[in-house]
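Q: structure of the sequence below:
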Amino acid sequence: MWGLKVDPGDENGRVDSLAIIAEEIAPGDAIPLHTHEVDEAITILSGHAETRLGEERRRVGAGTVIFIPAGTPHGTANAGDEPLQIHAVFPATSIEIVMLERNPAPGTEADTPRRNRHDLRTGSFEAIE
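A: The predicted structure is shown next:
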């Protein structure tokens, strides 16, 4: 489950440039390994996570902030028995996500990972390639 919050800009024509994705990850679920073309900062609000940042893996809990440089493979798994709540902050409202792994739904295990562009302002996305 996730929700979007996007910087609306201002009356002086300043361009919107920030977006937050509020996510809740169920026990046993994960955000698979992926990359973005922009930096990202993730805050663990509640629960316990196993995070991957490049080759490094760590178990972290509430209050942890993870800074992810653009292009760095990363993923987050719920490592607890309660929902994991996180906020992911981006310096953009249009984000390309290149999936390096899958979190397959039943019947889609053979599908290849996808590359998408998400418009965080509208919530829409388009497949690339």
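Q: okay, and for the protein, where does confidence drop off?
A: 1-16, 104-105 (pLDDT under 70).
Q: do that again at 80, thanks
A: Within the chain, the stretches with pLDDT under 80 are 1-17, 103-110, 120-123, 129.
Q: tell me who's in contact with the residue sitting nearest the centre point of it.
A: The residue lying closest to the centre of the chain (Cα atoms, centre = their mean) is Ala88, at 5.9 Å. The neighbours of Ala88, taking Cβ atoms under 8 Å, 6 or more residues apart in numbering as the test, are Ile20, Ile21, Glu23, Glu40, Ala41, Ile42. C-betas here are computed from N, CA, C, even on glycine.
Q: most neighbours, which of those residues?
A: Ranked by neighbour count (other Cβ atoms under 10 Å), those have Ile42 at the top, with 23 neighbours.
Q: that residue: which element?
A: strand 40-46 (DSSP states H and E).
Q: just checking: what are the partner strands of that strand?
A: As defined by DSSP bridges, the strand partners of strand 40-46 come to strand 65-68 (antiparallel), strand 84-90 (antiparallel).
Q: and the contacts of that strand?
A: 51, 60-68, 74, 76, 82-90.
Q: and stretch 93-102, by the same measure?
A: Contacts of stretch 93-102 (Cβ under 8 Å, 6+ apart): 6-7, 16-19, 32-38, 73, 75, 108-109, 111-121, 128.
Q: repeat that for stretch 74-86.
A: Residues contacting stretch 74-86 (Cβ under 8 Å, 6+ apart): 22-35, 40, 42-54, 59, 66, 68, 101.
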